[in-house]
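**Student:** structural data only, the sequence is not supplied:
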């Protein structure tokens, strides 16, 4: 029998008990894109489609142990990083990933939930900027997160985003995918600034009128990591991640689940029921 290898993605993030964001969204996305998903849980949230009501951090030694256990045995072709609550856990993860020489790091700087619950301590933001962001290959902030990282307000219009993406890349030294979902336009354009080539790429999509947008940031960054794990270039992965999240939102728009913001349809690729239609 021919020996085959998986494309491997390690996701380091918080757990969402509602299943729409965090580790759960990451694993669904990575799996849907044909990769093997391993995980290290940084926090357990009490969460559903309505919001986050509590966050319980996982001890730093346990988080580090999960990462080392995966990398010692399985390895990873890419790493996606999401929710990191404290300065200590940011430093610990940066050290561990440096020990293993990880390169394909996609960092989603999760700071505030959709419902407004603060997910990161103030002191951790500085540590994130100093220790972990410089190790990333790409960061994927939304507009409020980019404002925190820049320490400056971004005007709420599409024309302000290219400059903000380029400035954030210049300050951090890494590529930036700046997401436009907080704007109100019907045509939303995310911007990817490639730090290697210094090119700015437009990633447009039509707004879908739906409440099912929970976990979009987690999903897009996980898709980016999965595509890098599969060997795509930065620009190819950026375009592919945008296409994946746009189609996942569109496919999941009509579903009803929970009483608040439902998830996207991570497995829209399987919606034709190929596996089930003859059973």
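**Tutor:** Okay, I see it. Being a predicted model, the structure only gives us computed values, none of them experimental.

**Student:** for the stretch 151-279 of the chain, give me the ranges with low pLDDT.
**Tutor:** 271-279 (pLDDT under 70).

**Student:** how about the strands in it?
**Tutor:** 175-178, 187-194, 199-206 (DSSP state E, counting those that start in this stretch).

**Student:** output those strands as TSV; include the columns mean neighbour count.
**Tutor:** For glycine as for every other residue, the C-beta is placed from the backbone atoms N, C-alpha and C. Supplementary listing: those in TSV, determined by neighbours: other Cβ atoms under 10 Å:
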stretch	mean neighbour count
strand 175-178	26
strand 187-194	20
strand 199-206	15
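
**Student:** in TSV, list those along with distance to residue 216.
**Tutor:** Listed next are the strands of the stretch 151-279 of the chain as TSV, based on distance: least, Cβ to Cβ, whole Å:
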stretch	distance to residue 216
strand 175-178	13
strand 187-194	11
strand 199-206	11
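
**Student:** other SSEs contacting the top strand by length along the chain?
**Tutor:** With secondary structure taken from DSSP state E, the chain has its longest strand at strand 36-47. Counting contacts by 3 or more Cβ pairs under 8 Å, 6 or more residues apart in numbering; DSSP states H and E, strand 36-47 is packed against strand 8-16, helix 22-32, strand 52-57, helix 60-73.

**Student:** for the closest residue to residue 264 other than its chain neighbours, give its distance to residue 9.
**Tutor:** Sequence neighbours aside, residue 248 is the residue nearest to residue 264 in space, at 4.0 Å (criterion: Cβ to Cβ, 6 or more residues apart in numbering). In this view, residue 248 and residue 9 are 17 Å apart by Cβ to Cβ, to the nearest Å.

**Student:** now swap in residue 160 and tell me
**Tutor:** 32 Å.

**Student:** which one of those two has more residues nearby?
**Tutor:** The residue with more neighbours, out of residue 160 and residue 9, is residue 9; 30 against 15, by other Cβ atoms under 10 Å.

**Student:** on that earlier part again, I'd like to know which of the helices and strands packed on strand 36-47 lies nearest to residue 219.
**Tutor:** Nearest to residue 219, of all the helices and strands packed on strand 36-47, is helix 22-32, at 5.0 Å by Cβ to Cβ.

**Student:** thanks a lot, see you next time.
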